[in-house]
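[1] fold the following, please.
(chains A and B)
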Amino acid sequence: MYRGQPVLRFDRIEIPTGSIVGVIGPNGSGKSTFLKLAGFVEKPTAGEIVYNGRPAAPFAPEVRHKVSLMPQEPFLMKRTVLNNVAYGLKIRKDLDRLETRIQTALSWVGLDAKEFVKRPSYALSGGEAQRVALAARLILKPEVLLLDEPTASIDALSAQLIKDAALKARSEWGTTLIIASHDWQWLYGVCDRVVHLVRGRLMGTGRENIIFGPWEPGANGLWGKVLSDGQRILVQKPPEVLSAAVIDHAAIVPAERPLPKANNHVSLTGLITRLALEKASGDIIGSVLVANLPFTATLTESEVHEHGLYPGRRVHLLYDITSVRWF
Amino acid sequence: MDFLVQGFLRAIELLFAGDAETFSAISATLVVAAYSLAATLAMGLPLGFCLGYFEFRFKKQVRVVVDTALSLPTVFIGLVVYAFFTNRGPLGEWGLLFTLPGIAVGLTILALPIVVALSATAVESMDRLLRVALISLGANRRQVFLSTLWEARLSILAAALTAFGRVMTEVGIAMMVGGNIKWQTRTITTAIALETNKGEFAMGIALGLVLLLIAFTVNVSVSTLRKRY
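    Numbers count the residues shown, from 1 in each chain, chains lettered A, B, ... in the order given. All right, here's what the predicted structure looks like:
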């Protein structure tokens, strides 16, 4: 709950064992809360979380040693790297081959044990601290590993090492990964499924385009929102002035030239910022910046070739206003 | 000024000669300080942790009460403890009046709000992510409690040190509840008060030097501990 309002509101989400699930959404959409609940760090105010078929709660023995969350800020205790990494094993009284396991965990995240084990946590850089925090979780071989923005605000090398280590955990031990990140290019590349969290609600696959109000009434009974470059996003009358419009990625069609105004169809012009391959479907996900608003469109290989689409290229997008949904 | 210099020299003599009366007061002081600190930390740390860690109704009001108790006058505590332990008092049959444990009870009442308030502040100021990190690494409730205290160890050490300083230098409770009985309940501070009234500066200074030495030793030890991380 935040200011009397629930942070998350959805009926159900199921995460299969051994899968990689990505969670994307704007800041404040409830991603961190979702991970804290799924990581059994906090209790939901309503509803229940089922683990392996049984309802479970924070501190429950069936989840305490199996599910581990790495928060966005890599909190390390005021101890040496060794004691931070070994903490989880020590409280489990699992001290067998401790030194070797610490070395292995650190090597997974690209840290040399000899150099780092005696170093106090305050003497680490942001990227190193994040990697030590991940090593402290990897050493536990968790069944479920939840990563909250694991690559935000760290250097590129650390980010890559963290990504590799997380995926290695999945491939070696079958660890289920739940990753919240703004790096959707990475998520679409590695995840079996990506969910989109907006204002605490789950919005399908994460490729929906969500445009927040306020909306203004315009000509012909249509409503609109004027973007910073003067283009207008047109929609049918919204339920409320502040409602959010949802345009499905599949409802957006790219074109090389401005398209003639057709019934119910609106054309927008933007710049391709990224093209990413979605592992599961083989689709190409295109990100197009229209004024200051990012749009996502699903493209086929032939569309990309046919229109000669590449990042930096100006492109025209067409959508049907009757396909716009509201929430 | 001569009497001060002479008093100082005589004090050194008393200490090195192992004067029995002086060492009796030192011993009594250390005993009551140890009793009261042990009781204060045993009760104060869990209470301070709960006050700083958990959110509950009337938390602010409880905090105000604890903060108010920080400035309880020692003579008032002495009076109340005396009233409870005197033969006519509700705890008179315990026979604690004019005993070292009796003084320790009064000193515990004095030091408890210090440890509760300062450890609550220490726990409150801990990063909220600590709890998330500990639970994520598999800690149970007891391990969360102990690890949080360990993380706040420097601040809690400061709280204990403050309480120790207050207990060691207290006069009112020791005088009223202990009665300043020679060889029995005479502590360093009550002895200094008495010897000063008698004009016996040497013993007063000797005992004062011991107090300073104890404070110095404790502070150096704490400082060394701090440097270990």
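[2] look up phi and psi at residue A:254.
    phi -90, psi 160 (degrees, to the nearest 10).
[3] in the chain, where is pLDDT below threshold?
    Answering for chain A, as no chain was given. For chain A, the stretches flagged by pLDDT under 70 are A:1-4, A:204-207, A:258-263.
[4] wait, I meant chain B there
    Applying pLDDT under 70 to chain B flags residues B:1, B:227-229.
[5] rerun that using 80 as the cut-off
    Per-residue confidence for chain B (pLDDT under 80) gives these ranges: B:1-8, B:10-11, B:14-15, B:127-128, B:203, B:222, B:225-229.
[6] now the helices for it?
    Along chain B, counting by DSSP state H, helices occupy B:2-17, B:20-53, B:59-69, B:74-85, B:100-124, B:129-136, B:141-151, B:153-168, B:172-178, B:188-198, B:201-227.
[7] pick the most deeply packed of the ones you listed.
    helix B:172-178 (a mean of 26; mean count of other CB atoms under 10 Å in any protein chain shown). Any C-beta I mention is one placed from the backbone N, CA and C, and that applies to glycine too.
[8] what does that helix contact?
    Contact with helix B:172-178 is made by B:32, B:73-75, B:77-79, B:81-82, B:85, B:97-100, B:102-103, B:105-107, B:110, B:180, B:185-187, B:189-190, B:193, as judged by CB atoms under 8 Å, 6 or more residues apart in numbering or on different chains.
[9] contacts only, for residue B:8.
    By CB under 8 Å, 6+ apart, the contact set of residue B:8 is B:202, B:205.
[10] ok, residue A:51 touching residue A:61?
    No - if you go by CB atoms under 8 Å, residue A:51 and residue A:61 don't touch, sitting 11.3 Å apart.
[11] neighbour count for these two, which is higher?
    residue A:51 (18 against 9; other CB atoms under 10 Å in any protein chain shown).
[12] could you check the distance from residue B:123 over to residue B:52?
    Residue B:123 sits 3 Å away from residue B:52, going by CB to CB, to the nearest Å.
[13] before we move on, what about residue B:66?
    11 Å.
[14] need the residues touching each of the two.
    Common contacts of residue B:66 and residue B:52, defined by CB under 8 Å, 6+ apart, comprise residue B:120.
[15] and chain B, which residues reach chain A?
    Residues of chain B lying close to chain A by CB under 8 Å from any CB of the partner chain are B:127, B:129-133, B:135-141, B:143, B:147, B:151, B:229.
[16] next, count neighbours for the residue in the stretch 201-327 of chain A that chain B sits nearest to.
    Among the residues of the stretch 201-327 of chain A, residue A:202 lies nearest to chain B; the distance is 22.7 Å by CB to the nearest CB. Neighbourhood size, residue A:202 [other CB under 10 Å]: 20.
[17] surely it touches residue A:10?
    Yes - if you go by CB under 8 Å, residue A:202 and residue A:10 touch, sitting 4.5 Å apart.
[18] CA atoms of stretch B:169-189 as PDB?
    The C-alpha trace of stretch B:169-189 is given here as PDB (Å, rounded to 0.1, in the frame of the first residue of the first chain):
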ATOM      1  CA  THR B 169      29.700   8.900  37.400                       C
ATOM      2  CA  GLU B 170      26.300   8.800  39.200                       C
ATOM      3  CA  VAL B 171      26.200  10.000  42.800                       C
ATOM      4  CA  GLY B 172      22.500  10.500  43.800                       C
ATOM      5  CA  ILE B 173      21.300   7.000  43.400                       C
ATOM      6  CA  ALA B 174      24.400   5.400  44.900                       C
ATOM      7  CA  MET B 175      24.200   7.700  47.900                       C
ATOM      8  CA  MET B 176      20.400   7.300  48.600                       C
ATOM      9  CA  VAL B 177      20.000   3.600  47.800                       C
ATOM     10  CA  GLY B 178      23.500   2.500  48.800                       C
ATOM     11  CA  GLY B 179      23.800   4.600  51.900                       C
ATOM     12  CA  ASN B 180      27.600   5.200  51.300                       C
ATOM     13  CA  ILE B 181      28.500   2.400  53.700                       C
ATOM     14  CA  LYS B 182      32.300   2.100  54.100                       C
ATOM     15  CA  TRP B 183      33.600  -1.300  52.800                       C
ATOM     16  CA  GLN B 184      30.100  -2.200  51.600                       C
ATOM     17  CA  THR B 185      28.300   0.300  49.300                       C
ATOM     18  CA  ARG B 186      30.700   3.100  49.100                       C
ATOM     19  CA  THR B 187      31.400   3.800  45.400                       C
ATOM     20  CA  ILE B 188      34.000   6.000  43.800                       C
ATOM     21  CA  THR B 189      31.600   8.900  43.400                       C
END
